[in-house]
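Asks: Sharing a model that was predicted from the sequence below.
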Amino acid sequence: MGSPFTKSPNLNDTTYERTQVIYGIDNVIAKAIERWRNTEERMDSCIDKLQPKLLITDKTLFPELLELIKKDISTRTIFEITEENVFYIKELLRLVKSNRNNKHIIRHLDNVVGNFSISDKKIFQSHVMGDLSAPGKHNSDTKTEREQSESGISSIADYYSPQCIVSNFKAFVEQQQNIFELMWEKSISAEQRIRELEQGIEPEVIETIKDKEEIQNLSFSLIESANEEILVIFSTANEFHRQKSAGYFKIIKKVQETRPWIKIHVLTPKDIEIEEDIKSNREFFSFDVVFTEPLQRVSVLVVDKRYSLTVELKDDTKQQPSTDAIGLASYSNSPPTVLSYISVFETLRKQTELLERLKDHDKIQKEFINIAAHELRNPIQPILGLSNYLMNRKGRDREEKELLDTINRNAKRLQRLTESILDITRIEGKSLKLHKEKANLSNLISDIVKNYKNSIDKSKSIKFEFNSFNNKDIVIEADKNRLSQVITNLISNSIKFIDRKGDIVISMDKRKRNSAGNKKEVIFSIRDNGIGIDKEIMPKLFTKFATKSFQGTGLGLYISKSIIEAHGGQIWAENNSDGKGATFSFSLPL
C-alpha cells in the first residue's frame, strides 16, 4: 500500500497505477464526494449499517447525494438494513424512486462490514468510517497517522478513525468487482428486507452444517425453543438409542413439563429394546410414537412448523457418542423446505398406519380363508364318495348318470379349489413342507401324460410328445406329489388354451448350472401351439389371480412357482417365436 499523498493524484488517469490513503473525516467525505462527481457510467457500492444515517443527515453529503441520484449513471448499492437504520433506507428509496431514470437499485445483505465502492470498473475506494455519532469522535479525526502515534492510542477504535483507501490497480479493482458481484447475487431487495422487519418475518435461511458438535447442540436448542409441536424421524433404531443416550428425550420431556401443550410425534424403526422403552419408560408416556420401516440414512427434526434440521447418518455402527455417527446437516427456516419435511413426516405416518391396518386385515383374511377352506374340504369328500357310489350302481338311466356326473365333476373342481387355497395359506404362512425322496422324473412325467391321454375332453384332439434327455432316466431328490402338482398345472394350462386341435411337446434336458460347471440342473419344458400368453398377463404371470380366463382361478402358476423355488429351482414362460402358443419351463438342481 502506498503512503499518503500531500496532493491528490488523478486516479482517473489509468496510465499510472496508484494507491492513495487518506485520513480524517473531512478528507474522507471530500474524497467520497469527488468519486461521486467523477463517476461517468456506473458505481457499485457496499455500505455497512451505520452509514445510511450519515448519508441522509450530513449537511455536506446529502446535497451531493441528491446530485448523484440525478446523474445519468447506474448505481447498485448493498446496505445492511436493520431496525435501527430502516427509517433512513426508506428515505433513500423514496429519493431514488423520485428519479425517473430507474437506474438506482438498493439491496440488502446481512453482516456487511466496512464500506467500499467501484467506479466505472476502474477505481476502487474503501472507507473506514466507524460510528460518527459517538461523543468526541471528531476530535481526533483530522490527526495524521504520526500525530495519532505521538499522542498515544487509547483503543482500537481510535486507531481505526475515519480513513480512506483509493486505488486504480487493475487486478485489485477486478478482484473487488468480483467480490461485489458475489455479494450482489446473495443480496435481496431492500423492499423485501423492510417488509420482513416491519412484519416481524424472520429472514429465510438454508444452511449446511459440518461441525458435529454444532449439529447436536443445534438439535437440542431447537427442541428447547419449541412452543407448539416437535416432529422427529429417526432413520434407524441405532440412531434412536444414540440420541436417547445423548439426552435427546430428557430435553424433550423437560420442555413438555414447562409447556405441557406441546405435541410430540416420533417416527422410528423398532427393536425389542425400543418397544420395551415405549411400554415401560415414563419418559415416553406423553409421546406419540409410531414404528416405521428403516428409512434412508437421514434423520429429521421439525419444530413448530417453522424450523427443520435434517441430519445425515454417516456410520450407523457407532454406538457412543452420538456425534460419531453424524455426517452433514441442513438447517432451514424456509417455509417451503420446512413444509416439505412436514409432508414427508405425515406421509410416512399415514403409510405406516395404513400398512398396519393392511397387515391386520391380511391376517384376518388369511385366517378366514384357512378356516373356510378346511370347512369346505370336510363335506367334499362325502359328496365325491356318494356320487361315485351312485354312478356305479346298476339300473341308472342316462339322465341320472349325467346328473351324477355333473355333481361329481363339480365336487372335484371344488376340491381342487380348496386344495389350492390351502396351498396359498401354507406358502404365505411359510409352512409349505416338502417331503423329498429319490424320484424318477422321466417315469413321473410319463405317468401324468398317460393319465391325461385317457381323461382328456373328447371335444379336443391333442397329440402328446415326450422327449427325455438321450432317452435316459433322470433321478432327482424331490417331493414327487408336489412336482406332479406343478407338471399337472402346466399341462392343464396348455390344454385349456388349445382350441380344438393341437400339439403338446414335453421335453427334459440337463445343463451346467454355473460357469464353473461343478453343478448341474435338469430343465423341464412344455410347449404348445395354443393361443399363447396375453401381453397384459405376461408381467404378472406367476402372481396370484393372474388370469383372463373364466376357467381358472389364477392360483396354479403362483403355487407352481412357490413349489419349484422351494426345491431350489426357477420357473419361467415365453411365447413361441413362431407366434403359435407358448413354452413353460422350470429348472431343478441335480
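Replies: Perfect, I can see it now.

Asks: ok, longest helix in the chain?
Replies: helix 335-392 (DSSP state H).

Asks: following that helix, which helix or strand comes up?
Replies: Past helix 335-392, further along toward the C-terminus, the next helix or strand under DSSP states H and E is helix 398-428.

Asks: could you say what helices and strands that next one packs with?
Replies: helix 335-392, helix 556-566 (3 or more C-beta pairs under 8 Å, 6 or more residues apart in numbering; DSSP states H and E). From N, CA and C alone the C-beta is placed, and that goes for glycine too.

Asks: Lowest average confidence across the ones you listed, which one?
Replies: Sorting the helices and strands packed on helix 398-428 by mean pLDDT places helix 335-392 lowest, at a mean of 81.

Asks: List the buried residues of the one helix or strand Ile264 maps to.
Replies: Following DSSP H and E, one finds Ile264 within strand 263-268. Residues of strand 263-268 classed as buried under the neighbour-count rule (16 or more other C-beta atoms under 10 Å) are 264-268.

Asks: Parallel or antiparallel, which strands does it pair with?
Replies: Paired with strand 263-268 in the same sheet, following DSSP bridges, are strand 229-233 (parallel), strand 288-291 (parallel).

Asks: Please identify the most buried of those strands.
Replies: Across these, the average number of neighbours (mean count of other C-beta atoms under 10 Å) peaks for strand 229-233, which reaches a mean of 21.

Asks: how many degrees apart are that strand and helix 335-392 in direction?
Replies: With axes from the mean of the first three to the mean of the last three C-alpha atoms, to 10 degrees as the basis, strand 229-233 and helix 335-392 are set at 60 degrees to each other.

Asks: Beyond strand 229-233, next helix or strand please.
Replies: Once the chain leaves strand 229-233, the next helix or strand it forms, by DSSP H and E, is helix 237-245.

Asks: ok and that next one relative to strand 229-233, angle-wise?
Replies: Going by the same axes, to 10 degrees, helix 237-245 makes 140 degrees with strand 229-233.

Asks: Return the distance of whatever helix or strand comes next after helix 237-245 from the chain's centre.
Replies: Later in the chain than helix 237-245, the nearest helix or strand by DSSP H and E is helix 248-258. Here helix 248-258 is found 29 Å from its chain centre; the criterion is C-alpha atoms, centre = their mean, to the nearest Å.

Asks: One more: stretch 413-424?
Replies: On C-alpha atoms, centre = their mean, the centre of stretch 413-424 falls 43 Å from that of its chain.

Asks: part of a helix, is Ala32?
Replies: Yes. Looking at Ala32 with DSSP: H, G, I helix; E, B strand; the rest coil, it is inside a helix.

Asks: Tell me how many other residues surround it.
Replies: Per other C-beta atoms under 10 Å, the neighbour tally for Ala32 reads 23.

Asks: For the closest residue to it other than its chain neighbours, grab phi and psi.
Replies: Excluding the flanking residues, the one nearest Ala32 by C-beta to C-beta, 6 or more residues apart in numbering is His127, at 6.7 Å. Backbone torsions of His127, given as degrees, to the nearest 10, read phi -120, psi 140.

Asks: Offset the numbering so it begins at 804, please.
Replies: Sure thing, new numbering starts at 804, so read that last one as His930.

Asks: how far away is His930 from Leu1244?
Replies: Distance, His930 to Leu1244, using C-beta to C-beta, to the nearest Å: 96 Å.

Asks: Which residue ranges of the stretch 904-1053 of the chain form strands?
Replies: Assigned by DSSP state E, counting those that start in this stretch, the stretch 904-1053 of the chain shows strands spanning 907-911, 918-922, 926-931, 966-970, 991-992, 1009-1012, 1032-1036.

Asks: quick one: which of those strands is nearest Glu1115?
Replies: Across the strands of the stretch 904-1053 of the chain, Glu1115 has its closest neighbour in strand 1009-1012 (10.2 Å, C-beta to C-beta).

Asks: mind saving the C-alpha coords of that closest one as PDB?
Replies: C-alpha atoms of strand 1009-1012 as PDB (Å, rounded to 0.1, in the frame of the first residue of the first chain):
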ATOM      1  CA  ILE A1009     -30.900 -22.700   4.300                       C
ATOM      2  CA  GLU A1010     -27.600 -23.600   5.800                       C
ATOM      3  CA  THR A1011     -25.300 -26.700   5.600                       C
ATOM      4  CA  ILE A1012     -23.500 -27.500   8.800                       C
END
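
Asks: For the residue lying closest to Ile1290 once chain neighbours are set aside, identify the helix or strand it belongs to.
Replies: Computed as C-beta to C-beta, 6+ apart, the closest residue to Ile1290 that is not its neighbour in sequence is Ile1251, at 5.4 Å. Element membership of Ile1251 [criterion: DSSP H and E] is helix 1244-1258.
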